[in-house]
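**Student:** coordinates for the following, if possible.
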Amino acid sequence: MTRHASGPVRRLGGWAKGEQEPLYFISHLASAAAACRYDQQRFRLETFFSDQKSRGVPLHKSHRADPQRRSRLCIAAC
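**Tutor:** Numbering: from 1, shown residues only. Here you go, the predicted structure:
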């Protein structure tokens, strides 16, 4: 990663409570606290997308073309 290719980035590292090994990641966000909050949300989103693709309700098989109907189906699946 370079400043030219990726812009300014932050390298973050720290220990979660009860963990033996530190967690390292790179973020484009301005503060470490904001990057940590954003990373915590990532696990919820990944679970949601996994449910939509391979577990639960596969939205791609619903054949809903209308965005409003697809949105309602997505909310119901959540």
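**Student:** all helices of the chain, in order?
**Tutor:** Per DSSP state H, the chain carries helices over the ranges 3-6, 32-53, 67-77.
**Student:** quick one: Asp39 and Tyr24 touch, right?
**Tutor:** No. Counting by Cβ atoms under 8 Å, Asp39 does not reach Tyr24; the two are 11.3 Å apart. C-beta here means a position set from N, CA and C on the backbone, and glycine is covered the same way.
**Student:** and the two? which has more neighbours close in?
**Tutor:** Asp39 (14 against 9; other Cβ atoms under 10 Å).
**Student:** which residue is the nearest non-sequential neighbour of that one?
**Tutor:** Spatial nearest neighbour of Asp39, chain neighbours left out: Phe25 (6.6 Å); criterion: Cβ to Cβ, 6 or more residues apart in numbering.
**Student:** from Arg72, how far out is that neighbour?
**Tutor:** 35 Å (Cβ to Cβ, to the nearest Å).
**Student:** all good on my end, thank you.
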